[in-house]
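Participant: here is the input, now give the coordinates:
(one chain, ligands or ions: 1)
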Amino acid sequence: MAKEPELRNLDWQTFQEMSTSEKGEYFTVNDKPHHVLNAQQFTRPQLDRLCELATKTRTISKTREGALFIQDLLCEKRAMLYFSQPSSRTFLSFYAACQIVGLKPAEVRDTSTSSELKGESPEDSVRTFSSYFDVIIMRHPKGGFADRIAWMLSQTERAIPVINAGSGKDQHPTQALLDIYTLHRSFDQAGGIENRDIAFVGDLARGRTVRSLAQLLTLYPGGKQYFVAPDSLQIGDDILNILDQAGVEHEVTGDFKSTIPKVDAVYMTRIQDEWDKAHESKDIDTSGFKFTAAHLDLLRDDAIIMHPLPRRDEIAPDVDKDPRAMYWRQVRNGMWVRAALLLSIFERDRDIDAYFDSLQ
Ligand code: CP
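Facilitator: Numbers count the residues shown, from 1 in each chain. The predicted structure follows:
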């Protein structure tokens with residue numbers, strides 16, 4: 001097996017100037033994710049493997065004996081969840097995933113209760129965490145900050161894995177993993193994810209989950225991506241250029257209603273007005289980009305509705321009971337795929353295979 005290049009051999013300037021996809025090979029050890037910093041770092045075999053591992057892990061966990069077996073796998077390790085931006089699902093699903101695999105979690109969620117209040121830099125805070133913990137799972141408002149931390153730690157004697165749980169407006173790679181896992185589970189018995197058309201709807205300019213998933217879907221050929229939004233919230237040209245380079249068909253449109261019957265999955269998103277500079281989102285007419293019960297008749301019987309959550313009013317609550325509404329399952333899938341990711345990072349995935357095989 002070829003040895004992967006090591007992050008510690010790069011100076012910051014060289015690393016910073018690399019493209020996102022070039023950086024990916026520096027985040028891999030033994031062909032498995034070590035750091036998880038962007039969606040483009042994943043290969044198709046790695047995604048297939050994580051989906052398989054997540055399903056095996058959840059199957060084994062159904063019995064007390066199986067759950068105890070998995071909890072033993074990483075019981076000697078500790079995780080720091082450093083979330084300096086609000087989160088419910090990502091934080092709690094990582095917390096629960098840590099519990100599933102036996103990693104002991106600790107948290108800093110409010111930097112005003114840490115020594116950052118005394119003027120300590122976030123870099124020094126994380127370097128301190130690395131002295132106590134074996135993995136750092138972090139959400140930060142600044143795009144690229146998780147990259148910076150992974151590089152910074154690579155220059156120290158505690159080059160522990162860093163997982164990006166959401167950075168600025170640019171990346172949310174583990175949300176993309178759980179979205180892929182949800183698509184995988186939804187279409188596994190019907191030919192898989194390839195050749196599936198998906199519509200992304202809502203705030204596509206600032207929604208990092210859409211940016212990450214749109215890029216990951218380039219690994220599943222044959223599908224078309226629709227970007228459905230008001231002009232001022234449309235997807236960036238950088239993503240469209242990536243799709244062009246990958247040969248992925250796409251369409252940018254403001255016509256939600258006519259797009260619904262064309263696709264296998266509708267991926268709704270909320271307005272991300274936390275990024276507003278002067279409350280500019282309130283002037284955008286988003287009324288035509290909401291999924292109501294009336295739209296269910298337009299949706300194909302075998303199609304699904306997804307949403308990374310949290311939602312506001314872009315999916316009406318009476319849509320929830322439709323069997324094609326997949327967003328609450330996405331929430332649960334997130335916990336299992338994150339458990340699989342932790343097992344893979346710490347190379348305990350073969351133990352899952354062996355235990356799973358023993359059940360057959
Ligand atoms: N989907 C998602 O990232 O949710 P949270 O912001 O609640 O973590």
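Participant: and the lowest mean pLDDT element among the helices and strands of this structure?
Facilitator: Lowest mean confidence among the helices and strands of the chain (mean pLDDT, DSSP states H and E): helix 20-23, at a mean of 88.
Participant: what comes up buried for that one?
Facilitator: If you call a residue buried by 16 or more other CB atoms under 10 Å, then helix 20-23 has these buried ones: 20, 23. (Glycine included, C-beta is placed from N, CA and C.)
Participant: chain center to the helix or strand just after that helix, what's the gap?
Facilitator: Downstream of helix 20-23, the first helix or strand assigned by DSSP states H and E is strand 28-29. Averaging C-alpha positions (CA atoms, centre = their mean, to the nearest Å) puts strand 28-29 18 Å from its chain's average.
Participant: repeat for stretch 197-207
Facilitator: Computed by CA atoms, centre = their mean, the chain-centroid distance of stretch 197-207 equals 15 Å.
Participant: same question, stretch 276-296
Facilitator: Centroid separation between stretch 276-296 and its chain, computed with CA atoms, centre = their mean, is 24 Å.
Participant: go on, stretch 347-360?
Facilitator: 25 Å.
Participant: now do stretch 237-248
Facilitator: For stretch 237-248 - counting by CA atoms, centre = their mean - the centre lies 20 Å from the chain centre.
Participant: how about it: buried residues?
Facilitator: Using 16+ other CB under 10 Å as the test for burial, stretch 237-248 gives 239-240, 242-243, 248.
Participant: kindly report the same for stretch 213-226.
Facilitator: For stretch 213-226, the buried set under the neighbour-count rule, 16+ other CB under 10 Å, comprises 213-220, 223-226.
Participant: so for it, mean pLDDT?
Facilitator: Mean per-residue pLDDT for stretch 213-226: 96.
Participant: what do you get for stretch 29-37?
Facilitator: 93.
Participant: what sits up against that stretch?
Facilitator: Contact with stretch 29-37 is made by 1, 4, 7, 23, 26-28, 41-42, 46, 146-147, 150, 161-164, 171, 173-174, 341, 344-345, 347, 349, as judged by CB atoms under 8 Å, 6 or more residues apart in numbering.
Participant: can you check stretch 97-116 too?
Facilitator: 57, 61, 67, 70-75, 77-84, 91, 94-95, 117, 120, 122, 125, 129, 132-135, 335-336, 338-339, 341-343, 348.
Participant: try 7 Å this time
Facilitator: For stretch 97-116, contacts defined as CB atoms under 7 Å, 6 or more residues apart in numbering pick out 61, 70-75, 77-84, 95, 117, 122, 125, 133, 335, 338-339, 342-343.
Participant: show the buried residues in the residues you listed.
Facilitator: 61, 70, 73-74, 77, 79-84, 95, 122, 125, 133, 335, 338-339, 342-343.
Participant: and the one residue in the stretch 251-360 of the chain that gets nearest to the ligand, what is it in contact with?
Facilitator: Nearest residue of the stretch 251-360 of the chain to the ligand, counting by CB to the nearest ligand atom: residue 308, 3.9 Å away. Contact analysis of residue 308 by CB under 7 Å, 6+ apart lists 175, 209, 269.
Participant: kindly recompute the last result at 6 Å.
Facilitator: The contact partners of residue 308, by CB atoms under 6 Å, 6 or more residues apart in numbering, come to 175, 209.
Participant: close to the ligand: what parts of this structure are there?
Facilitator: 87-91, 166, 175, 308-310 (CB under 6 Å from any ligand atom).
Participant: which ones among the buried residues of stretch 237-248 map onto helices?
Facilitator: Using DSSP state H, the subset of the buried residues of stretch 237-248 located in helices is 239-240, 242-243.
Participant: all the strands of the stretch 201-350 of the chain, residue numbers only.
Facilitator: Per DSSP state E, counting those that start in this stretch, the stretch 201-350 of the chain carries strands over the ranges 224-228, 249-253, 265-268, 304-306.
Participant: pLDDT score assigned to residue 1?
Facilitator: With respect to pLDDT, residue 1 scores 51.
Participant: just the closest of the ones in helices among the buried residues of stretch 237-248 to residue 189, please.
Facilitator: Nearest to residue 189 among those, counting by CB to CB, is residue 243 at 27.6 Å.
Participant: so where do the helices sit in this structure?
Facilitator: Along the chain, counting by DSSP H, helices occupy 12-17, 20-23, 44-60, 64-73, 89-101, 122-132, 145-154, 173-187, 208-216, 237-246, 256-259, 327-345, 349-359.
Participant: could these go into JSON lines alongside distance to residue 108?
Facilitator: Formatted as JSON lines, these follow (distance: least, CB to CB, whole Å):
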{"stretch": "helix 12-17", "distance to residue 108": "24"}
{"stretch": "helix 20-23", "distance to residue 108": "26"}
{"stretch": "helix 44-60", "distance to residue 108": "27"}
{"stretch": "helix 64-73", "distance to residue 108": "24"}
{"stretch": "helix 89-101", "distance to residue 108": "11"}
{"stretch": "helix 122-132", "distance to residue 108": "7"}
{"stretch": "helix 145-154", "distance to residue 108": "13"}
{"stretch": "helix 173-187", "distance to residue 108": "19"}
{"stretch": "helix 208-216", "distance to residue 108": "21"}
{"stretch": "helix 237-246", "distance to residue 108": "32"}
{"stretch": "helix 256-259", "distance to residue 108": "40"}
{"stretch": "helix 327-345", "distance to residue 108": "19"}
{"stretch": "helix 349-359", "distance to residue 108": "29"}
